[in-house]
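> Generate coordinates for the sequence data below:
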Amino acid sequence: MRKKVEFISGEHRLSGLLESPESEVKFYALFAHCFTCGKDIAAASRISRALVQKGIAVLRFDFTGLGNSDGDFANSNFSSNIQDLIAAADFLRTEYQAPRLLIGHSLGGAAVLGVAQYVEEASAVVTIGAPLDAAHVAKNFALQLDDIEKNGKAEVNLAGRVFTIEKQFLDDIKRYDTRHIGQLKKALLVMHSPIDSTVNISEAEKIYQAALHPKSFVSLDDADHLLTNKRDAEYAADVIAAWAGRYITYADNANHIAKHIAETASSKYDKNEIAKGHVIVEEKNHKFTQHVSTNSHYWLADEPESVGGNNMGPDPYEHLLAGLGACTAMTLRMYAERKNLAIKHIKVELTHSRDYQQDCQKCESESQGIEAIVRKISFVGELETAQYARFLAIADKCPVHKTLHNNVKVVSTLLNQA
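This next block holds a predicted model:
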């Protein structure tokens with residue numbers, strides 16, 4: 001499934017493409033493309049599609065000033081690339097799940113090495129044909145360096161396209177050192193071709209030596225720098241998926257989801273933004289997962305994986321049953337306290353089903369079938385024989401039970417204007 005997305009980085013709107021598997025998403029990855037390329041370059045597209053086949057959702061986007069993103073490329077630099085990646089990770093974190101895997105191709109590899117420290121949830125980083133540091137990119141326009149230093153800028157031809165490189169770009173890439181590589185605290189996979197004529201394989205050796213374990217190196221054999229051969233891109237994706245699975249397990253990803261929910265609970269909405277008694281429900285991933293916020297609480301609603309959800313929260317009917325069950329237990333507890341009943345613990349178990357009994361045979365369609373909620377109540381304690389029937393009757397007096405039995409009218413209003 002391919003979805004065009006947009007997000008803001010600084011003052012610019014960036015254009016992205018999120019590709020997700022039709023089935024369960026194992027985890028999310030963020031892909032950084034090569035210098036002056038774009039999200040639609042063949043290598044990025046092929047690797048992303050191959051990862052999707054492995055159950056990994058991938059976000060790739062155009063850096064500021066490139067492709068369909070806003071901004072002027074001449075005013076961008078390596079620092080702005082880092083900021084764009086941080087913005088992309090924030091977008092995934094807010095709308096879907098934080099990226100667990102960072103992938104960078106060529107200069108994008110240097111960029112993900114630089115941004116990894118700012119994406120706490122990422123457990124693994126992959127570089128493909130990447131240089132050790134950003135300054136390496138200046139070799140692509142070595143003949144124009146003097147002009148840029150002297151005149152403040154120059155037009156350079158890169159892969160058949162003309163770009164304006166300003167002196168601020170050179171000054172920016174010189175500022176970056178590589179100490180952060182030894183402080184990643186994340187698994188690292190370095191992939192490089194021994195015949196790469198754009199970024200020599202010696203750069204991969206430098207990255208590998210600078211990093212601490214766990215780290216791995218995989219040769220891309222006879223692949224060129226841009227992985228123009230489809231088989232090379234697919235091979236890289238196969239290796240990445242298998243390797244990442246060692247460091248990003250499903251259980252580990254579930255723990256990060258739980259942590260995200262806990263952190264978001266205090267930041268999704270200010271409690272003063274939602275009136276007491278109001279509930280706000282918003283899409284999280286444009287599928288089934290929903291943000292649910294009240295005046296003082298936050299959680300997720302979802303559907304099970306069997307119907308295409310991510311199972312990140314109870315489904316709508318489970319919410320309905322939970323409301324009735326909680327109200328029932330609360331009502332019974334208040335009654336027990338008021339009557340001084342020796343009830344130590346109350347448990348309510350509920351199930352929901354459609355019950356197509358004989359009295360529904362005249363319904364015009366199956367959708368009009370009778371709804372049946374089965375509620376089983378148990379308690380720890382002692383009651384006199386005469387109190388059992390009354391105790392059960394009190395359960396039917398809980399407010400939610402009464403609401404469900406009333407002819408509830410739902411009034412819907414579309415706030416958007418035609």
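> which helices and strands does the longest helix anywhere in the chain pack with?
As assigned by DSSP state H, the longest helix anywhere in the chain is helix 316-338. Using 3 or more Cβ pairs under 8 Å, 6 or more residues apart in numbering; DSSP states H and E as the contact criterion, the elements in contact with helix 316-338 are strand 342-355, strand 370-382, helix 385-395, helix 399-405. Heads up, the C-betas are built off the backbone N, CA and C, glycines and all.
> Could I get the average pLDDT for the last one?
Averaging pLDDT along helix 399-405 gives 90.
> How about residues contacting it?
Residues lying outside helix 399-405 but in contact with it, judged by Cβ atoms under 8 Å, 6 or more residues apart in numbering, are Gly323, Leu324, Ala326, Cys327, Thr328, Thr331, Ile373, Ala395.
> what two of these are the furthest from one another?
Between all members of these, the longest pairwise span (Cβ to Cβ) is found for Thr331 and Ile373 and amounts to 15.8 Å.
> Between those two, which is the more surrounded one?
Each of Thr331 and Ile373 has its neighbours counted (other Cβ atoms under 10 Å); Thr331 has more, 19 against 16.
> thought that one was touching Asp396?
No: here Thr331 lies out of contact with Asp396, judged by Cβ atoms under 8 Å, at a distance of 9.3 Å.
> hang on, the earlier thing: closest one to Asn140 out of the contacts of helix 399-405, please.
Nearest to Asn140 among those is Gly323, at 61.4 Å by Cβ to Cβ.
> where does the stretch 201-350 of the chain have low pLDDT?
Applying pLDDT under 70 to the stretch 201-350 of the chain flags the ranges 249-272, 285.
> redo that, cut-off 50
With pLDDT under 50 as the threshold, the stretch 201-350 of the chain has low-confidence stretches at 251, 267.
> Would you map the strands across the stretch 101-250 of the chain?
Secondary structure of the stretch 101-250 of the chain (DSSP state E, counting those that start in this stretch): strands at 101-105, 124-128, 153-158, 161-166, 187-192, 215-219.
> Nearest to His297, out of those?
Comparing the strands of the stretch 101-250 of the chain under Cβ to Cβ, the one sitting nearest is strand 101-105, at 31.3 Å.
> As CSV, could you dump the C-alpha coordinates of that closest one?
The C-alpha coordinates for strand 101-105 follow below in CSV (Å, rounded to 0.1, in the frame of the first residue of the first chain):
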residue,chain,number,x,y,z
LEU,A,101,15.3,1.0,11.5
LEU,A,102,17.2,3.8,9.8
ILE,A,103,18.6,3.3,6.3
GLY,A,104,20.8,5.7,4.3
HIS,A,105,22.1,5.5,0.8
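> ok, and what's touching that strand?
Where contact means Cβ under 8 Å, 6+ apart, the residues beyond strand 101-105 that reach it are 27-34, 37, 43-44, 47, 56, 58, 85, 110-113, 115-116, 119, 122-130, 227, 240, 244, 248.
> Next: stretch 115-123.
Identification of contacts with stretch 115-123 by Cβ under 8 Å, 6+ apart yields 30, 82, 85-86, 89, 93, 98-102, 125, 180, 183-184, 186-187, 247-248, 252, 256, 260.
> Where does the residue nearest the centre of the chain sit: helix, strand or coil?
Here the mean C-alpha position of the chain is nearest to the C-alpha of Gln97 (Cα atoms, centre = their mean), at a distance of 2.0 Å. Using DSSP: H, G, I helix; E, B strand; the rest coil, the secondary structure recorded for Gln97 is coil.
> Could you check how far it is from Leu18?
Distance of Gln97 to Leu18, given as Cβ to Cβ, to the nearest Å: 11 Å.
> repeat for Leu184
When Cβ to Cβ is the yardstick, Leu184 and Leu18 sit 25 Å from each other.
> now do Lys344
Separation of Lys344 from Leu18 (Cβ to Cβ) stands at 51 Å.
> okay, the two: which has more neighbours?
Higher neighbour count among Lys344 and Leu18: Leu18, with 22 against 10, using other Cβ under 10 Å.
> Ser378 is in contact with Ile343, isn't it?
No: here Ser378 lies out of contact with Ile343, judged by Cβ under 8 Å, at a distance of 10.8 Å.
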